[in-house]
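# Quick one, structure for this:
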Amino acid sequence: MLDAPEISDAEYDQLFSELQQLEAANPELKAPDSPTQRVGGAPSPMFAAVRHRQPMLSLRKAAIDLKAEGPELQHAELIDFDRRVREVLLKAKVDYIAEPKLDGLAVSLIYEHGVLVQGATRGDGETGEDITQNLRTIRSLPLRLRGEVPPLVEVRGEVFLPLAGFQKMVRDAEARGEKPPVNPRNAAAGSLRQLESVITAKRPLAFYAYGTGISEGWPQPARHRDVLDQLKTWGFPVSELIEPVTGAEGCLAYFEAIGKKRASLPFDIDGVVFKLDDLAGRNELGAVSREPRWAVAYKFPAEEAVTVLENVEFQIGRTGAVTPVARLRPVFVGGANVSNATLHNMDEVQRKDVRIGDTVIVRRAGDVIPEVKEVVLAQRPADARIVVLPPSCPVCGGAIAREEGEAIARCTNGLSCRAQLHGALIHFVSRKAIDIDGLGEKLLALVIDALDVRTPADIYLKLDAAKLAVLERMGEKSAENLVKAIDASRDTSFGRFLFALGIPVVGETTARDLAQHYGSLEALLAAAAADLATEHAEKKKERFPLLQSVPDVGPTVAASIAHFFAEPRNREVIDTLVKPREDGGAGIHWPAPKAAAEGALTGKTFVITGTLPGLSREEAAALIEANGGKVTGSVSAKTDFLLAGEAAGSKLAKAEKLGVPVLDLAALRGLIG
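Numbers count the residues shown, from 1 in each chain. A predicted model of the protein is given here:
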């Protein structure tokens, strides 16, 4: 139970078989906490949703900055965390519990009268997946608690895959000719989400408990270290690497010590978690958004590895951007097997002098896309080949062009290029754009080929339940649900619509600013058309003057907007999207613009940065706009106020440099009155 078995695996298997035979002969003796119940029965069609009785908060992440000079600056984020905790608690020193940050999957376990009755994934923090049957298969996870137990208790912990088990899974997959798992975390997550728990039972998963959630009839102790001791008493495995530390100095000493042990540990960790030991102090500190103020995940610096660059291929993005991708001899780095890495663009390839056949240093930080950091020139082979930009698109055969002064080359074939079409449709249906739930990357690839979808407008004009139902992995019910989602997306906002169009270099904030400034598509199109006549003006500030009157829109962004709307094919798609359904269009629409609110903030421009206590950025922006103010995305000399919360970054530094007044939430409410 606690990673200290008293019998061998063979003896365990023999006793397990005898228990199965006994329960088969006497079904009334089979208990829910029987070891035989660790292996599930029939597969379920899907996982049921579990609403967490107490939210499973995510952790604020901080990282060491090795580029900074001196320990204080390198560990500034951790030192700031400790300072904020001490200031709230009015203490000179505080105690923390330090634990390794396991690279696994967080789960919630509900025990009633000591018996496991439900297990769930973290999910979005509010709602998770019911994976009770799969969790029962993990031998280190108790099905019945020991000793005195409360009527109800929730235990939280991490399911992970030890490295030895992961390596065996890789070997077995390769022997079967299957694609091996990418890394231990993905393998653990995939194992827990199997629809047949008998498959999960074959995976060598492990579990460590790290805390509790809701409980009834159990007076929680005053300190977290006592909670961990209680978990051990109940029979839970708890990491032996967990230690109490005092102050930022103690945290840093633990961080350095665990970093030295990292390579020799039997499981992957990607950092350290520091939690306030005093549980009453946690309540006083509270949480901001979905992150507790009393804990922080301190990440290790990026890992690097050396391997051979075997080839360079070129990928085409939704805007036609041609990205060179390094195909590498597989290497384990940053917690994952890496065989591909980005080379960004041809300028970067030439700057680093990357050649096919080179030995290269690959860098991977957490979930960031791996990149080729540098070439080991001393190991360059004589037959290393220079990387050359292809003259034509590898997907559609269209011409590749690179405008003067630009780092990125592009396929000039637009949506006639399948790669660009696929990327454009993925962006169009994404959550922050038109938001069509259920229409993902794989299904979009299918409808492009099977249903001749060639533009975003075709999603509305060519997809119906009958056509969708015959596609692979689609049934009548799924098709009906998708059609409903497509219909619902016709009612949107002007800003979302502009963002969904995928105008190059126009992000979500700029799209919203354009919508607020012009109020209607007709006004924006007229301004873009008028500005085209000014694109060759001698002075930059005289080019695209109408579009540049929008906050944070400079000459480059203005040029992109004007040229996008001037393209006949783009205008044709836009016209079809907004044309009423009765006239043969897609019927996308949005409410007419509201008159600007008048209030205490009328005429004032705000920028929001950092994490605000008890308020999301969207809610803060709505509060400002409801009182007549305007919210933009970047700080400039025209900004009247910067609303700054915790962990404010470069925007705060720029505001201070420009002399822009900085407000907190209380000061903003004071302005509003």
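# Check residue 4 and give its pLDDT.
Looking at residue 4, its pLDDT is 38.
# what do you get for the one 10 residues further on?
Reading off the per-residue confidence, residue 14 sits at a pLDDT of 48.
# Residue 57 is in contact with residue 287, correct?
Yes: Residue 287 is within contact range of residue 57, at 5.9 Å (criterion: C-beta atoms under 8 Å). C-beta: built from backbone N, CA, C; applies to glycine.
# Any idea how many residues pack against residue 584?
The burial count assigned to residue 584 is 10, neighbours taken as other C-beta atoms under 10 Å.
# residues in contact with it?
By C-beta atoms under 8 Å, 6 or more residues apart in numbering, the contact set of residue 584 is residue 461.
# Quick check: chain neighbours aside, which residue is closest to residue 429?
residue 436 (4.1 Å; C-beta to C-beta, 6 or more residues apart in numbering).
# neighbours of that neighbour, just the number please.
23.
# so what pLDDT did it get?
For residue 436, pLDDT reads 95.
# what's the helix or strand for it?
Using DSSP states H and E, residue 436 sits within no helix or strand.
# Surely it and residue 485 touch.
Yes: assessed by C-beta under 8 Å, residue 436 is found in contact with residue 485 at 5.2 Å.
# Start and end of stretch 454-471, how far apart?
Start-to-end span of stretch 454-471 (C-alpha to C-alpha, to the nearest Å) is 17 Å.
# contacting residues for residue 655?
607, 635, 639, 642, 644, 661-662.
# One more: residue 631?
605-608, 621, 624-625.
# For it, give its distance to residue 672.
14 Å (C-beta to C-beta, to the nearest Å).
# Mind jotting down where the strands sit in the stretch 301-450 of the chain?
With strands called from DSSP state E, counting those that start in this stretch, the stretch 301-450 of the chain shows them at 303-316, 322-333, 336-342, 355-356, 359-364, 371-375, 385-386, 400-401, 410-411.
# Could you look over those strands and pick the most buried one?
Across the strands of the stretch 301-450 of the chain, averaging neighbours per residue (mean count of other C-beta atoms under 10 Å) puts strand 410-411 on top, at a mean of 25.
# ok, and what's touching that one?
Under C-beta under 8 Å, 6+ apart, the answer for strand 410-411 is 316, 319-322, 393, 395-396, 398-402, 417, 419-420.
# Next: stretch 288-299.
Residues contacting stretch 288-299 (C-beta under 8 Å, 6+ apart): 55, 57-64, 77-78, 81, 84-85, 88, 101, 125, 251, 255, 270-276, 281-282, 285-287, 366, 611-614, 616, 645-646.
# Just give me the least confident of the contacts of strand 410-411.
Pick the lowest pLDDT in these and you get residue 402, at 84.
# Dihedrals phi and psi, it?
phi -130, psi 110 (degrees, to the nearest 10).
# What's the per-residue pLDDT of the nearest residue to it once chain neighbours are set aside here?
Spatially, and ignoring its direct neighbours in sequence, residue 402 is nearest to residue 409 (3.9 Å; C-beta to C-beta, 6+ apart). With respect to pLDDT, residue 409 has a value of 89.
# can you count the residues close to residue 409?
If we define neighbours as other C-beta under 10 Å, then residue 409 has 21 of them.
# Next up, the contacts around residue 267.
With C-beta under 8 Å, 6+ apart, residue 267 has these contacts: 102-103, 160-163, 184, 206.
# Can you tell me which of those comes closest to residue 300?
residue 103 (10.7 Å; C-beta to C-beta).
# I'd guessed that closest one sits against residue 187; true?
No: contact criterion C-beta under 8 Å: residue 103 and residue 187 do not qualify, at 10.7 Å.
# Just the buried residues out of the contacts of residue 267, in ChimeraX syntax.
To isolate the buried ones among the contacts of residue 267 in ChimeraX, judged by 16 or more other C-beta atoms under 10 Å, type:
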select :102,103,160,161,162,184,206
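# Can you flag which of the contacts of residue 267 belong to strands?
Using DSSP state E to define strands, the subset of the contacts of residue 267 located there is 102, 160, 206.
# pLDDT added to these, as JSON lines?
Shown next, in JSON lines, are the ones in strands among the contacts of residue 267 (pLDDT from 0 to 100):
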{"residue": "102", "pLDDT": "91"}
{"residue": "160", "pLDDT": "94"}
{"residue": "206", "pLDDT": "93"}
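# now, which of the residues you listed sits nearest residue 532?
Among the ones in strands among the contacts of residue 267, and counting by C-beta to C-beta, the member closest to residue 532 is residue 102, at 56.3 Å.
# ok, so what distance separates that closest one from residue 277?
For residue 102, the distance to residue 277 - C-beta to C-beta - is 20 Å.
# before we move on, what about residue 450?
For residue 450, the distance to residue 277 (C-beta to C-beta) stands at 58 Å.
# ok, and the closest non-adjacent residue to residue 149?
Closest residue in space to residue 149, ignoring its immediate chain neighbours: residue 114 at 3.7 Å, by C-beta to C-beta, 6+ apart.
# I'd guessed the one you found sits against residue 143; true?
No: the criterion here is C-beta under 8 Å, and residue 114 misses it with residue 143 at 9.5 Å.
# Residue 451 is in contact with residue 467, correct?
Yes: counting by C-beta under 8 Å, residue 467 does reach residue 451; the two are 5.6 Å apart.
# Could I get the contacting residues of residue 199?
Contacts of residue 199 (C-beta under 8 Å, 6+ apart): residue 191.
# hang on, I meant residue 565
524-525, 528-529, 571, 574.
# and it, that's in a strand?
No: judged by DSSP: H, G, I helix; E, B strand; the rest coil, residue 565 forms no part of a strand; its state is helix.
# Mind pulling the model confidence for it?
95.
# Let me see the contact set for residue 61.
296-297, 299.
# that older thread, give me the phi and psi angles of the residue nearest to residue 149.
According to degrees, to the nearest 10, residue 114 has phi 90, psi 0.
# That one: neighbouring residues, count only.
19.
# Next up, the contacts around it.
Contacts were defined as C-beta under 8 Å, 6+ apart; by that measure residue 114 touches 144-145, 149, 234.
# Could you dump those into CSV with distance to residue 538 and secondary structure added?
What follows is the contacts of residue 114, written out as CSV (distance: C-beta to C-beta, whole Å; DSSP: H, G, I helix; E, B strand; the rest coil):
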residue, distance to residue 538, secondary structure
144, 82, strand
145, 79, coil
149, 81, coil
234, 77, helix
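# with these in mind, which one is nearest to residue 340?
Among the contacts of residue 114, residue 234 lies closest to residue 340 (C-beta to C-beta), at 44.8 Å.
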